[in-house]
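following is a predicted model, sequence given first.
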Amino acid sequence: MSLVRIAARIALVEALKGRTLAGDNVKDSDIGAIDIAADGSIRTGQDQHFIVVYADAAAMTREDGDLRSLKENGATDLLFEWGITSAMSETNAAGESVITDAGLAATDANMERVLDLIGVQIRNVLTDPVNAWAEIWRTLASGGYAKVELARASNADAGVRLTAQQLKITALLMDEPVAGEALPAPFPDFFDRLDTSGDASLVQISALMQAQLVGANEAWQTVQRRSGLTLDELLALGIAPLETDDGSVGEIASVSIEVEGHGSEEVSEA
């Protein structure tokens, strides 16, 4: 239910592609990449190093702001999962079994080391000052990180060893852009990159996302979208226009301001 969450996942996937041992095998919300069975065993259908990015639970409280507008994203869990199996190996020129793309002997210890290296690469990508997609992510998560956690799991199934790690970043994501308003950073750059990506799926999701943001709000309607105030509250504040008996919208031509002990003064629009 959040454009920011969609943008965050896309930005993270694009930032990571080609910049880790997983190569371009970086996926958005591939639920079946790592499967945990009822007995606690884990499996994967992947046949090469992989990274999957998910947006998980989010929580907002009254302390985070006025929730009436539903524009707050609050503390959101972004998950990175990556894994390696003993089948992700190849035979080198010397006839030795080595981990694909790493060149290390296909041992349990080296599998774990490759996972650690991928974790280091992920962190380096997210802080890379010249990675434009990472900069988009950092802007979306401009509230900072509330928590960073790392977990691992392993399993041996039918002789195929699987080891996986998960990095969970609880990020304070920016508020949702408001329909009818000028797009806040980083959305202009984000949409431009999607539209010129040459990827039909990214072009389509860009169009769908932008369709949620079109509109021509009156100034008072923008205030209502941003604040979640009722019409009566807006009228009481003098923000919403008054309707006349015939249903037409009346305009305020002048306002009389009275201060006790100082008389009154009429103010007209210039």
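Nice, I can see it. Numbering: from 1, shown residues only.

show me where pLDDT drops low in the stretch 51-200 of the chain?
Scanning the stretch 51-200 of the chain for pLDDT under 70 picks out the ranges 60-69, 86-91, 95-101, 105-106, 154-161.

hey, where'd the helices end up in it?
108-126, 132-140, 187-195, 200-211 (DSSP state H, counting those that start in this stretch).

assign Ile6 to helix, strand or coil.
When classified by DSSP: H, G, I helix; E, B strand; the rest coil, Ile6 comes out as helix.

and for Leu235?
When classified by three-state DSSP, Leu235 comes out as helix.

surely it and Leu242 touch.
Yes - between Leu235 and Leu242 there is a contact under C-beta atoms under 8 Å: 7.0 Å. In this view, the C-beta of every residue, glycine as well, is placed from N, C-alpha and C.

between those two, point out the one with more neighbours.
Leu235 (15 against 10; other C-beta atoms under 10 Å).

and that one, how far from Leu229?
10 Å (C-beta to C-beta, to the nearest Å).

same deal with Asn92?
To Leu229, Asn92 is 67 Å away according to C-beta to C-beta.

between those two, which has more neighbouring residues?
Legend: neighbour count by other C-beta under 10 Å for Asn92 and Leu229, higher for Leu229 (20 against 11).

need the strands for this protein, in chain order.
All strands of the chain, identified by DSSP state E, fall at 26-28, 35-36, 42-43, 50-59, 75-85, 89-91, 97-99, 145-157, 160-172, 242-243, 249-250, 254-259, 263-268.

any idea of the pLDDT on Arg9?
Arg9 carries a pLDDT value of 97.

phi, psi of the closest residue to Phe50 other than its chain neighbours?
Nearest residue to Phe50, sequence neighbours excluded (C-beta to C-beta, 6 or more residues apart in numbering): Asn25, at 4.7 Å. Asn25 adopts backbone torsions of phi -80, psi 60, taken as degrees, to the nearest 10.
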